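Asks: what's the 3D shape of this:
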Amino acid sequence: MKMGRGRLLLVVILCCALTAGCVNTKEEAETEVSVKAGDRPLQIGLSIDSFVIERWIRDRDVFVSTAKELGAEVNVQNANGDVNEQIEQIKYFIKKQMDVIVVVAGDCEALSDVMKKAKEAGIKTMSYDRLIRNADSDMYISFDNREVGILMAESLVRDIPEGGKIFMIQGPETDHNVAMVREGFDSVIKGKNLEVVYKSNCEGWLSEHAFDYAKEALEEHPDVKGIMCGNDDLATQVFRALSEDRMAGRVCLVGQDGDLMACQRIVEGTQNMTAFKSVEEEARIAAEYAVKLGKGEPLEGIVTTIDDGTYDVPSLELRPVAVTRENMDSVIIQGGFHGKEDVYLNVKQQ
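Replies: Coordinates of the predicted model:
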């Protein structure tokens, strides 16, 4: 049968396309072999509980950029405060055969089993900032959370010399850091003239709970002198509750993290102190150690361990700094954490 020029051209094009497809498939196969042979960049999976808290965005950016400088690729997942979603993300990392999995846990107990599955799959694991319980992580990095509690308590003792009633509006009981902060806090106020008359825990670190708890506590104890908040995000909501009752600035307020709004309140006189943690330093060091874990290199500089409930986990804890109006400029502004114009936005400068 005689074939027309147009039909012949179509056949030629189809053949070329099929041939090209075969070539691409072969290339993909060769790429897959080379990846399995270890030619791919080091793969790190980073699962973060939520970006609602201001600091985690900074952590992510510094961690990713540092890892990239060291030749690693980072797959970032945001669980949006959903613990089941975070479990699925870690399962996804296991399926993708990541070299290292780094987790900012939303629930330090619920993630134990899936983190152990990652280890069983030969993947290195890191508990970032919050210690995942009974998971035998290859490393834990955080700040000295007991020291955070000490700094908070010392601030209240100093700023309430006459003594009085105080509240503790904390993070969730499932966060190991919360227990450590409380331990440090209690060690300082024990025997002092401060009386804890109200305690609460904000499940999932949801700040809206802090507002409700503060309103409840203020109804029972309107003569409160000071409030300890688990972090600055919770302190923001407690400040709202105090403002509604025209008590902002009259009640001592402390938190942690160095959030911008907290720093603004400190220079304005409506928050006394924030336990500042250089999250850039933590994220940079964590990324460096994650790469070491992935390469099977020794964790030089780590000489202590922490009990996760079952296992002794190699641990590195950094030091927090108490930031007040007196050292705001030297620590926060000169350190480049926040800009001066942002911190003093609502304050007339001399």
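
Asks: when you work out contacts or count neighbours from here on, use the C-alpha atoms and nothing else.
Replies: OK.

Asks: which residues touch stretch 69-85?
Replies: 41-52, 60, 64, 67-68, 86, 89, 106-107, 110-111, 204, 288, 291 (Cα atoms under 8 Å, 6 or more residues apart in numbering).

Asks: please type out the PyMOL selection for whichever of these turn out to be buried.
Replies: Command for PyMOL that selects the buried part of these, burial taken from 16 or more other Cα atoms under 10 Å:
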select buried, resi 42+43+44+45+46+47+48+49+50+60+64+67+68+86+89+106+107+110+111+204+288+291
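
Asks: Leu345 belongs to a helix, doesn't it?
Replies: No - counting by DSSP: H, G, I helix; E, B strand; the rest coil, Leu345 is located in no helix; its state is coil.

Asks: for it, which non-adjacent residue is closest in space?
Replies: Nearest residue to Leu345, sequence neighbours excluded (Cα to Cα, 6 or more residues apart in numbering): Gln264, at 7.4 Å.

Asks: residue contacts, that neighbour?
Replies: Neighbours of Gln264 in contact, by Cα under 8 Å, 6+ apart: 342-346.

Asks: closest to Val251 out of these?
Replies: Asn346 (20.0 Å; Cα to Cα).

Asks: quick check: that closest one vs Lys292, distance?
Replies: Going from Asn346 to Lys292 by Cα to Cα, to the nearest Å gives 45 Å.

Asks: the two: which is more packed in?
Replies: Shown here are Asn346 and Lys292; by other Cα atoms under 10 Å, Lys292 has more neighbours (16 against 12).

Asks: enumerate every residue touching that one.
Replies: Lys292 neighbours (Cα under 8 Å, 6+ apart): 298-299.

Asks: contacting residues for Cys108?
Replies: So Cys108 contacts 130-133, 174-176 (Cα under 8 Å, 6+ apart).

Asks: just the buried residues from the residues you listed, in PyMOL please.
Replies: Buried residues among those (16+ other Cα under 10 Å), as a PyMOL selection:
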select buried, resi 130+131+132+133+174+175+176
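
Asks: how about the contacts of Cys108 in a markdown table, adding secondary structure, distance to Gln97 and pLDDT?
Replies: Shown next, in a markdown table, are the contacts of Cys108 (DSSP: H, G, I helix; E, B strand; the rest coil; distance: Cα to Cα, whole Å; pLDDT from 0 to 100):
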| residue | secondary structure | distance to Gln97 | pLDDT |
| --- | --- | --- | --- |
| Arg130 | coil | 23 | 93 |
| Leu131 | coil | 23 | 95 |
| Ile132 | coil | 21 | 96 |
| Arg133 | coil | 23 | 95 |
| Thr174 | coil | 28 | 87 |
| Asp175 | coil | 28 | 89 |
| His176 | helix | 28 | 88 |
